[in-house]
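Asks: build me a model:
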Amino acid sequence: MQMYCTTPKGRDLLSGRTSSASDGKFNINTQILKGVMIPLPSLDEQRQIVTMISSVVQHEVATAKQANARETLFKNLLHHLMTGKVRVNELEFPAMQEGRP
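Replies: Take a look at the predicted model:
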């Protein structure tokens, strides 16, 4: 239900059933949610949806791990450069050696 409510059709279905709260947000009563009829895909479609969502989640997890690894590498390299453990003149830059900027 949560995913359906984030689709354009789901938002359209629920948009007229909200009540405004004192903080300016809109709420949906649980009794209203219980009465909402949402489409139920066939079991085969549900399996396909789960497969696609799992693939996206796995990709997001892998991307987050890669970003975390790059951030860790950057911080470690920066620390080594700033503390003098690695000197810039000790680094090799193949592109610069070939005459490219």
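Asks: and for K25, the neighbour number?
Replies: 8 (other Cβ atoms under 10 Å). Every C-beta, even on glycine, is put in place using the N, C-alpha and C of the backbone.
Asks: what does the pLDDT read for G16?
Replies: As predicted, G16 sits at a pLDDT of 72.
Asks: quick check: mean pLDDT of the longest helix seen in the chain?
Replies: Among the segments of the chain that qualify as a helix by DSSP state H, the longest is helix 43-82. Mean pLDDT, helix 43-82: 95.
Asks: and the gap between the residue positioned nearest the centre of the chain and T72?
Replies: Taking Cα atoms, centre = their mean, the centroid of the chain lies closest to E60, which sits 5.8 Å from it. Distance, E60 to T72, by Cβ to Cβ, to the nearest Å: 19 Å.
Asks: next: K9.
Replies: Distance of K9 to T72, given as Cβ to Cβ: 42 Å.
Asks: skipping adjacent residues, who's closest to L77 in space?
Replies: With sequence-adjacent residues excluded and distances taken as Cβ to Cβ, 6 or more residues apart in numbering, L77 is closest to V86, at 7.5 Å.
Asks: wait, the one you found sits on H80?
Replies: Yes: counting by Cβ atoms under 8 Å, V86 touches H80, with 4.3 Å between them.
Asks: residues in contact with V36?
Replies: Taking Cβ atoms under 8 Å, 6 or more residues apart in numbering, we find V36 in contact with 13-14, 17.
Asks: again, only using 10 Å
Replies: By Cβ atoms under 10 Å, 6 or more residues apart in numbering, V36 lies in contact with 1, 4-5, 10, 13-14, 17, 28.
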